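A.B. asks: sequence first, then the predicted structure, then my questions.
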Amino acid sequence: KNQVEQSPQSLIILEGKNCTLQCNYTVSPFSNLRWYKQDTGRGPVSLTIMTFSENTKSNGRYTATLDADTKQSSLHITASQLSDSASYICVVSAISGGYNKLIFGAGTRLAVHP
Amino acid sequence: NAGVTQTPKFQVLKTGQSMTLQCAQDMNHEYMSWYRQDPGMGLRLIHYSVGAGITDQGEVPNGYNVSRSTTEDFPLRLLSAAPSQTSVYFCASRKGSRGEQYFGPGTRLTVT
């Protein structure tokens, strides 16, 4: 069964600190892996998209890594800001009959405190 | 570009009532989808469309209908609302199967 699991469920850090969020998946056949940021009361917004051959991708202070062999990904946030408080969702895309089906993790809720 | 727009933002229905959630995008994307988001769970796909006139069921389609008469619009119809349909609904669009997916702001639906 295609599944995406994220850890931790929630995390509290102090402003300025770094943090790393984890994503493990059992999805086949794999197409790509995406990280989204979802602010409270809003729709998810794409941070990164990585294909099988990409090990790392950055978007400002956000850096995603992908290990396709172990089926793990991480999202590292550097020098956190209060505006980083949000849910971060890992999404793995599986190829299904020519259509890329997106499988969503439940998300990690990050709170950045001053 | 307005991106993906959804109306209404909030809605309260009584059990058995019907309604339509509106979704529109102005990016000329072929792919459009409807998801529901419930606490502690990932977004789940309700229905999707790969182009005007073409729709298909997702993971949780029961109790919902869709149609795609134009590229821009993809309404979601609740036929007879049930409390189990209380959720936040997101519409999304993307250009091509592998394209970046853009989400609307969501509709928070409560069924009493």
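C.D. replies: Sure thing, it's come through.
A.B. asks: middle-most residue in chain B, spatially?
C.D. replies: Nearest to the mean C-alpha position of chain B, by CA atoms, centre = their mean, lies B:W34 at 3.0 Å.
A.B. asks: any idea how far that residue lies from chain A?
C.D. replies: 12 Å (CB to the nearest CB, to the nearest Å). In short, each C-beta sits where N, CA and C put it, glycine included.
A.B. asks: do B:V50 as well
C.D. replies: 7 Å.
A.B. asks: count of residues packed around that residue?
C.D. replies: Residues lying near B:V50 (other CB atoms under 10 Å in any protein chain shown) number 17.
A.B. asks: for stretch B:9-19, which positions count as buried?
C.D. replies: Under the neighbour-count criterion of 16 or more other CB atoms under 10 Å in any protein chain shown, stretch B:9-19 has B:11, B:13 buried.
A.B. asks: what's in contact with it?
C.D. replies: B:21, B:77-83, B:105-112 (CB atoms under 8 Å, 6 or more residues apart in numbering or on different chains).
A.B. asks: now the phi/psi pair for B:Q85, please.
C.D. replies: phi -90, psi 0 (degrees, to the nearest 10).
A.B. asks: so who does it touch?
C.D. replies: Applying CB under 8 Å, 6+ apart to B:Q85 gives the contacts B:36, B:63, B:78, B:109, B:111.
A.B. asks: can you tell me which of those residues is nearest B:E30?
C.D. replies: B:R36 (22.2 Å; CB to CB).
A.B. asks: partners of the lowest-mean-pLDDT helix or strand in chain A in the sheet?
C.D. replies: In chain A, the helix or strand scored least confidently by mean pLDDT, DSSP states H and E is strand A:99-104, which has a mean of 86. According to DSSP bridges, strand A:99-104 has the following sheet partners: strand A:86-96 (antiparallel).
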